[in-house]
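**Student:** the sequence isn't on hand, but the structure is:
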């Protein structure tokens with residue numbers, strides 16, 4: 001199977017977004033397959049993240065048409081991806097990247113305990129916030145979705 005790079009990958013972040021912001025990484029279970037992408041667009045649940053989204057976009061919580069939608073506030077450049085990082089021995093993969101190693105250990109300490117013993121890690125850089133939020137066209141998907149830049153430049157994707 002050919003591994004092509006997509007423009008943008010989007011995954012739900014929910015409560016882990018504070019860790020994304022603070023640590024500059026995003027972690028997910030290693031058994032979940034995905035295609036490589038150049039950019040990461042975290043997806044919020046309108047229902048679960050109303051308070052945070054209201055801080056970013058005043059009045060968004062009054063928009064009832066966004067109920068059950070996925071909301072996008074920014075896009076990040078993916079600087080590097082590490083696969084199959086053992087939760088109990090991350091040094092075996094991250095020993096040459098002390099910054100990511102420290103961030104990964106913090107992620108594991110503060111995020112919900114992973115079901116899997118290994119995680120994949122996006123090292124993120126260059127976050128760009130959207131002046132106006134974007135949202136999914138249909139109900140917020142729970143899994144991985146992919147977009148190209150043309151789709152993202154609209155208000156809904």
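**Tutor:** That came through, no problem. Source: prediction; values computed, not measured.
**Student:** buried sites along stretch 120-137?
**Tutor:** The neighbour-count criterion (16 or more other CB atoms under 10 Å) identifies 120, 121, 122, 123, 124, 130, 133, 134, 135, 136 as the buried residues of stretch 120-137. C-beta: built from backbone N, CA, C; applies to glycine.
**Student:** from those, pick the one nearest residue 93.
**Tutor:** residue 121 (8.6 Å; CB to CB).
**Student:** regarding that closest one, what is its secondary structure?
**Tutor:** The three-state label given to residue 121 by DSSP: H, G, I helix; E, B strand; the rest coil is strand.
**Student:** for it, give its distance to residue 82.
**Tutor:** From residue 121 across to residue 82, the span is 4 Å (CB to CB, to the nearest Å).
**Student:** and for the two, which residues touch both?
**Tutor:** Jointly contacting residue 121 and residue 82 under the rule CB atoms under 8 Å, 6 or more residues apart in numbering are 94, 100.
**Student:** now stretch 26-45: mean pLDDT?
**Tutor:** Mean pLDDT, stretch 26-45: 87.
**Student:** ends of it, what's the gap?
**Tutor:** With CA to CA, to the nearest Å as the measure, the ends of stretch 26-45 fall 17 Å from one another.
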